[in-house]
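**Q** give the three-dimensional model of this entry:
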Amino acid sequence: MTCKSILSVNAGSSSVKATFYTFEKTPKAIANAQISGITAPPATFKYTFGDKQREEELKEELNTPQDAFKLLLKRCFTDPELSEITSSDDLAYICHRIVHGGDFESSVVIDDETYHQLEQLEDLAPLHNFSALEIVRLCRKELPNVQSVTFFDSSFHRTMPPCVTTYPIDQDTAKSNKLRKYGFHGISYSFILRSVAEHLTKPAEKTNLIALHIGSGASICAIKEGKSIDTSMGLTPLAGLPGATRSGDIDPSLVFHYTSEAGKLSPASTKEMHISTAEEILNKKSGWKALTGTTDFSQIAVAKPPTAEHKLAFDILVDRIVGFIGNYYVKLDGVVDALVFAGGIGEKSALLRNAIIEKCRSLGFGFDSAANDKGVDGQTVMDITSKSGNAKQVLIGTGTDDVPLQFEMAYNCIQTQGR
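**A** Predicted structure coming up:
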């Protein structure tokens, strides 16, 4: 078993990302590969193995994440320099990221029963689970001798209390339709917690954090003694903070005033994936793209915004984030070891961090401008706390970059399955 490898896969509707790891207590990356642009050809293949890096446009026609995953495996298995992985026989496990895990409280090994349970969750999260389950289906069919293990973004939040997870609606209907708050980005929050606790030299179970996962999908989480007690996302990743194309929290009745077609199936629906017009509008046609025309936040978070709409989009995100920080600060009784910025935007946008921390000074947070401008600089955790006074700690983490996310799955797979 120890000579085999682990493959961690993160599949979306337009990309498939995979990293091969050594099968040891602290796994090491062997190779990283991804195919992006599946829905907007030509697709691009990126590959990193040691010092070797390659990027190329693909001539092959790829219509689905399954097509991309098969090609990705073929490219890696046939690389003569990648001697550690020449076929599926060299794999111990394949780890799959699944956004919505329903009532699953931890990772599960895929068998007929758990696979059927995951199929039933597709209608609960059609925009998020379908692509990942397509890869699970493929692995069951074409790699039957390699065990698949699914890791859920929702599992980290299983510790939230009923007063947080329960929606004030008819409970018979809520329970029969699994309508409650689940929360997401949990694999990343798990990595952030472990990394920050190690940085603080504290046991994870004694660590209190307000952690921000700010990317094209954005959320925030209150962690008390190593456990999630609240998070901004809800039944689906749509709730909470606005994102690149997601509205975040709105008045629930807004969408019915927006269009009389809200409850009808969107043209984007397929035989396998049912998406309502409301879901498409709020998930795909909202957020800062609806305000500015771009999903690229680096064009919005600039000292001199090109338009009033760009400044408005920036201010809206800051306002919503600050509101959740205040909420979670109170829920943690003011006992916060650190405010942590992570995710592509959280890591890269010094301007966003500056604006948020300035508005949170009344809570005791302060930052060092030079350290904030420098950013993570290759570190897993970067301290940007003000050096003067008794400011509460402010950190930047890399917990939501794709490779650390895939590392977290491999790490936990070894802890749970590799004994």
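
**Q** what stretches of the stretch 101-250 of the chain score poorly on pLDDT?
**A** The stretch 101-250 of the chain contains residues with pLDDT under 70 at 127.

**Q** again, 80 this time
**A** 122-128 (pLDDT under 80).

**Q** this protein: helices as residue ranges?
**A** 65-77, 112-121, 126-142, 162-165, 171-176, 186-200, 254-258, 277-284, 287-292, 308-331, 343-348, 350-359, 369-374, 402-417 (DSSP state H).

**Q** ok, the nearest residue to Glu119 once chain neighbours are set aside to Ile110 distance?
**A** Residue nearest to Glu119 in three dimensions, not counting chain neighbours: Leu133, with 7.2 Å by Cβ to Cβ, 6 or more residues apart in numbering. Glycine gets a C-beta too; all of them are placed from N, C-alpha and C. Separation of Leu133 from Ile110 (Cβ to Cβ, to the nearest Å): 10 Å.

**Q** for Glu198, same thing?
**A** 31 Å.

**Q** the more surrounded of the two?
**A** Shown here are Glu198 and Ile110; by other Cβ atoms under 10 Å, Ile110 has more neighbours (19 against 14).

**Q** in contact with the more buried one, which residues?
**A** Ile110 sits next to 118, 136, 139-140, 147-150 when contact means Cβ atoms under 8 Å, 6 or more residues apart in numbering.

**Q** so among those, which ones count as buried?
**A** 118, 136, 139, 147-150 (16 or more other Cβ atoms under 10 Å).

**Q** mind putting those in TSV, distance to Leu291 included?
**A** Listed next are these as TSV, based on distance: Cβ to Cβ, whole Å:
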residue	distance to Leu291
Leu118	35
Val136	36
Cys139	40
Gln147	45
Ser148	40
Val149	40
Thr150	35
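
**Q** who touches stretch 186-205?
**A** 97, 151-157, 207, 209, 211, 213, 221, 223, 225-228, 231, 337-338, 340, 342-343, 380-381, 383, 393, 395, 397-400, 404-405, 407-409, 412.

**Q** show me the shaky parts of the stretch 301-419 of the chain.
**A** 377-378, 399-404, 418-419.

**Q** just list whatever residues bridge to the residue nearest to Lys331 when sequence neighbours are not counted.
**A** Distances taken as Cβ to Cβ, 6+ apart place Ala222 nearest to Lys331, at 5.3 Å, with adjacent residues excluded. Applying DSSP bridges to Ala222 gives these bridge partners: Ile210, Asp230.

**Q** still on that earlier bit, surely the residue nearest to Glu119 is in contact with Gln120?
**A** No: if you go by Cβ atoms under 8 Å, Leu133 and Gln120 don't touch, sitting 10.9 Å apart.

**Q** so which of those two has more stuff around it?
**A** For Leu133 versus Gln120, the count of surrounding residues by other Cβ under 10 Å is larger for Leu133: 21 against 10.

**Q** got the contact list for the residue nearest the centre of the chain?
**A** Nearest residue to the geometric centre of the chain (Cα atoms, centre = their mean): His185, 4.1 Å. The contact partners of His185, taken as Cβ under 8 Å, 6+ apart, are 153, 213, 217, 219, 221, 231, 233, 237, 400.

**Q** and the furthest pair within the buried ones among the contacts of Ile110?
**A** Leu118 and Gln147 (14.9 Å; Cβ to Cβ).

**Q** can you give me the strands for the stretch 1-150 of the chain?
**A** Ranges of strands within the stretch 1-150 of the chain are 5-11, 15-22, 29-36, 44-49, 52-57, 91-98, 108-109, 147-152, based on DSSP state E, counting those that start in this stretch.

**Q** check the ones you listed for me and report the most buried one.
**A** strand 5-11 (a mean of 25; mean count of other Cβ atoms under 10 Å).

**Q** and that one, what does it pack onto?
**A** strand 15-22, helix 65-77, strand 91-98, helix 126-142, helix 402-417 (3 or more Cβ pairs under 8 Å, 6 or more residues apart in numbering; DSSP states H and E).

**Q** JSON lines for those, including distance to Lys175?
**A** Formatted as JSON lines, these follow (distance: least, Cβ to Cβ, whole Å):
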{"stretch": "strand 15-22", "distance to Lys175": "35"}
{"stretch": "helix 65-77", "distance to Lys175": "32"}
{"stretch": "strand 91-98", "distance to Lys175": "22"}
{"stretch": "helix 126-142", "distance to Lys175": "21"}
{"stretch": "helix 402-417", "distance to Lys175": "29"}
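
**Q** to Ala40, which of those lies closest?
**A** strand 15-22 (10.2 Å).

**Q** which ones are touching Glu261?
**A** Contacts for Glu261 (Cβ under 8 Å, 6+ apart) come out as Thr277.

**Q** could you measure from the residue nearest to Glu142 when sequence neighbours are not counted over to Ser247?
**A** Distance criterion Cβ to Cβ, 6+ apart; nearest residue to Glu142, sequence neighbours excluded, is Lys70 at 7.7 Å. Plainly put, Lys70 is 35 Å away from Ser247 if you go by Cβ to Cβ.

**Q** and His199, how far from Ile396?
**A** Distance from His199 to Ile396, counting by Cβ to Cβ: 11 Å.

**Q** who touches both of these two?
**A** Val381.

**Q** out of the two, which sits in the busier spot?
**A** Neighbour count, other Cβ under 10 Å: between His199 and Ile396, Ile396 has more, with 26 against 19.

**Q** the residue nearest to Glu142 reaches Leu138, doesn't it?
**A** Yes: with contact defined as Cβ under 8 Å, Lys70 counts as touching Leu138 (7.1 Å).
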